[in-house]
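Asks: build the 3D model from these lines:
(4 chains)
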Protein chains: 2
Amino acid sequence: MDVNELIKSKLSFLGSSLLNDIVAASSQLNFEKGTELLREGQFVKVIPIVLTGLIKVFSRYEDKELLLYYIKPSESCVMSFSASLKNTPSQVFAITEEDTTVLLLPASKIDGWVKKFPDFNQLFFEQYNVRYHELLKTINHLLFDKLDVRLYHYLIEKKDITKKNPIKISHRQIANELGTAREVISRLLKKLEGENKVKQLSNQIKIL
Amino acid sequence: MDVNELIKSKLSFLGSSLLNDIVAASSQLNFEKGTELLREGQFVKVIPIVLTGLIKVFSRYEDKELLLYYIKPSESCVMSFSASLKNTPSQVFAITEEDTTVLLLPASKIDGWVKKFPDFNQLFFEQYNVRYHELLKTINHLLFDKLDVRLYHYLIEKKDITKKNPIKISHRQIANELGTAREVISRLLKKLEGENKVKQLSNQIKIL
DNA sequence: TGTAACTGGTGACCATAGTCACTGCATAAT
DNA sequence: ATTATGCAGTGACTATGGTCACCAGTTACA
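Replies: Presented below is the predicted three-dimensional model:
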């Protein structure tokens, strides 16, 4: 598909007049799977909107990580709003989980667009809202759930978001994204297998 | 102080033209300390801005709670944005931590004000931003810190936010706000006392 | 073909924190 | 004055999950 077509189909909710402005002023970028897009402490001067692919956003402290959420096509990254609005450094990390195409809106233009197209704000509010709720959900899981439940939810979310059922992922990576240790994941996957909730194939995990 | 004076002094950053509109359309309400303002699942049709006092926002599951953040004077509650924007129910609880005066903006007027005064948006973005970062901070504490560290940070924040140093609070309430059990807090406070970080008086805790 | 690197599995051990049962103490209610 | 209620302190126990050490199978590659 032509890039502009892609943009317009993914972002049609913005209205064609604004879309034309955006397409004219913005650039598209492709990133391979596994590209680090954002480091903690980095400053951001663009606002990205994902066109295709998937971006993973996570927190990190020393060598412990925690998956915060995914940015899916036609979504954006609120960290970049806050970072570009207030010019404060990012507090999270972002990495492409699949090959990903991103539309980059120059932060400097946003103000004008918002004034010209007040509905453009809706996009940002919605994104903040989505992320705020995801963080709330994460907090509740962290606080109220045991690891086996968190692991199970994690796997189901992974299945839903990648649309693949036998999921190809190593115990080590799961451990990283849940902020725990590999051995613990091995143990708990055995437990879930015993409860007939998942089945482990070679290097793959099937959710039942 | 006259109420309108109070509003204008607390919200001067909004500009006098918008402020006059707001004062004309909004109502003020006083709540006693300990009033429950928002239940999980409740719908919200107003956007509150705190004028004086303090509101505590927390998450709850069964009988376990977790303090999420405080809403201080001239701040607002993003849950109410999202709830009134999308008309979705609240996912958190709110309670007044002190006697509190709140300015209630009717959600129905917001759209018009935003169009008329685009800078009004800044307020909302900033609030989202503040809360987003507080949630991130909470997540990091939950995941990366042991309870004694969380407790100590909690006490320091409490001190800063209430401006009182011997803090008057029961072990039980601390336990609730940190999502743990009273006995654990008793134990850890002893530990912090041993480390000369706090001192327990009768029903009060002094941060050293 | 042999070695290195990565994968998962497991038993032992430990630290953190959640639970239970009970104590003593102060304050409030009757 | 007596009782009830709420608060804090403590020892014993448990469960969850993090750590360590080590094994074995697979894949990559040199």
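Asks: so which strand or helix has residue A:60?
Replies: strand A:55-61 (DSSP states H and E).
Asks: buried ones in that strand?
Replies: Neighbour-count burial for strand A:55-61 flags A:55, A:56, A:57, A:58, A:59, A:60 (criterion: 16 or more other CB atoms under 10 Å in any protein chain shown). To be clear about C-beta, it is placed using only N, CA and C from the backbone, and glycine gets the same treatment.
Asks: so which residues on chain A come close to DNA strand D?
Replies: Residues of chain A lying near DNA strand D by CB under 7 Å from any atom of the strand: A:146, A:147, A:148, A:179, A:180, A:181, A:183, A:184, A:188, A:202.
Asks: may I see the ChimeraX selection of the buried members of those residues?
Replies: Buried residues within those, by 16+ other CB under 10 Å, are selected in ChimeraX with:
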select /A:147,148,179,180,184,188
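Asks: out of the residues of chain A next to DNA strand D, the closest to residue A:163 would be?
Replies: residue A:202 (21.2 Å; CB to CB).
Asks: quick one, phi/psi of the closest one?
Replies: phi -70, psi 110 (degrees, to the nearest 10).
Asks: can you tell me how far it sits from DNA strand C?
Replies: Separation of residue A:202 from DNA strand C (CB to the nearest atom of the strand, to the nearest Å) stands at 8 Å.
Asks: next: residue A:15.
Replies: For residue A:15 relative to DNA strand C (CB to the nearest atom of the strand), the value is 46 Å.
Asks: just residue A:32 next, same as before
Replies: In terms of CB to the nearest atom of the strand, residue A:32 sits 18 Å off from DNA strand C.
Asks: show the pLDDT at that residue.
Replies: With respect to pLDDT, residue A:32 scores 88.
Asks: quick one, phi psi at the nearest residue to it once chain neighbours are set aside?
Replies: Closest residue to residue A:32 apart from its sequence neighbours, by CB to CB, 6 or more residues apart in numbering or on different chains: residue A:99 at 5.8 Å. Here is the backbone geometry of residue A:99 (degrees, to the nearest 10): phi -60, psi 130.
Asks: pLDDT at residue A:99, what is it?
Replies: For residue A:99, the model assigns a pLDDT of 91.
Asks: I'd say it and residue A:54 touch.
Replies: No: the criterion here is CB atoms under 8 Å, and residue A:99 misses it with residue A:54 at 9.1 Å.
Asks: now do the SS call for residue A:68.
Replies: strand (DSSP: H, G, I helix; E, B strand; the rest coil).
Asks: can you tell me the closest non-neighbouring residue to it?
Replies: Closest to residue A:68 by CB to CB, 6+ apart is residue A:57, at 4.8 Å.
Asks: and residue A:153, by the same measure?
Replies: residue A:141 (6.6 Å).
Asks: who are the contact partners of the one you found?
Replies: By CB atoms under 8 Å, 6 or more residues apart in numbering or on different chains, the contact list for residue A:141 reads A:149, A:150, A:153.
Asks: quick one, strands of chain A?
Replies: A:27-31, A:36-38, A:46-52, A:55-61, A:64-71, A:93-96, A:100-106, A:167-168, A:198-201, A:204-207 (DSSP state E).
Asks: lowest-confidence stretch among these?
Replies: Per-stretch averages of pLDDT across those put strand A:36-38 at the bottom, with a mean of 80.
Asks: give the pairing partners of that strand; include direction for each.
Replies: Sheet partners assigned to strand A:36-38 using DSSP bridges are listed as strand A:93-96 (antiparallel).
Asks: neighbours of residue A:108, just the number please.
Replies: Neighbour count for residue A:108, taken as other CB atoms under 10 Å in any protein chain shown: 11.
Asks: picking that back up, go through the strands of chain A and name the closest to residue B:39.
Replies: strand A:64-71 (26.0 Å).
Asks: against which helices or strands is that closest one packed?
Replies: With contacts taken as 3 or more CB pairs under 8 Å, 6 or more residues apart in numbering or on different chains; DSSP states H and E, strand A:64-71 sits against strand A:55-61, helix A:120-144, helix A:171-178, helix B:120-144.
Asks: can you tell me the strand partners of it and which way each runs?
Replies: According to DSSP bridges, strand A:64-71 has the following sheet partners: strand A:55-61 (antiparallel).
Asks: what angle do helix A:171-178 and the strand it pairs with make with each other?
Replies: Taking axes from the mean of the first three to the mean of the last three CA atoms, to 10 degrees, one finds strand A:55-61 and helix A:171-178 inclined to each other by 80 degrees.
Asks: just the CA trace of strand A:55-61, in CSV.
Replies: C-alpha atoms of strand A:55-61 as CSV (Å, rounded to 0.1, in the frame of the first residue of the first chain):
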residue,chain,number,x,y,z
ILE,A,55,6.1,-1.1,20.1
LYS,A,56,6.8,-2.4,23.6
VAL,A,57,7.1,0.1,26.5
PHE,A,58,8.7,-0.9,29.7
SER,A,59,10.3,0.4,32.9
ARG,A,60,13.7,-0.7,34.0
TYR,A,61,15.7,-0.4,37.2
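Asks: is it possible to mark the buried ones in the contacts of residue A:141?
Replies: So, by 16+ other CB under 10 Å, the buried ones in the contacts of residue A:141 are residue A:150.
Asks: which among the contacts of residue A:141 gets closest to chain B?
Replies: For those, the residue nearest chain B by CB to the nearest CB is residue A:150; the value is 11.2 Å.
Asks: verify the stated contact: residue A:205 with residue A:166.
Replies: Yes: checked against CB under 8 Å, the pair residue A:205 and residue A:166 is within contact range at 6.8 Å.
Asks: so the two - more neighbours on which side?
Replies: residue A:205 (22 against 16).
Asks: got the contact list for the closest residue to the more buried one other than its chain neighbours?
Replies: With sequence-adjacent residues excluded and distances taken as CB to CB, 6+ apart, residue A:205 is closest to residue A:167, at 5.0 Å. Contact analysis of residue A:167 by CB under 8 Å, 6+ apart lists A:155, A:158, A:159, A:204, A:205, A:206, A:207.
Asks: residue A:167 and residue A:206: what is the separation?
Replies: 8 Å (CB to CB, to the nearest Å).
Asks: same check, this time on residue A:106
Replies: 44 Å.
Asks: this completes my enquiry, with thanks.
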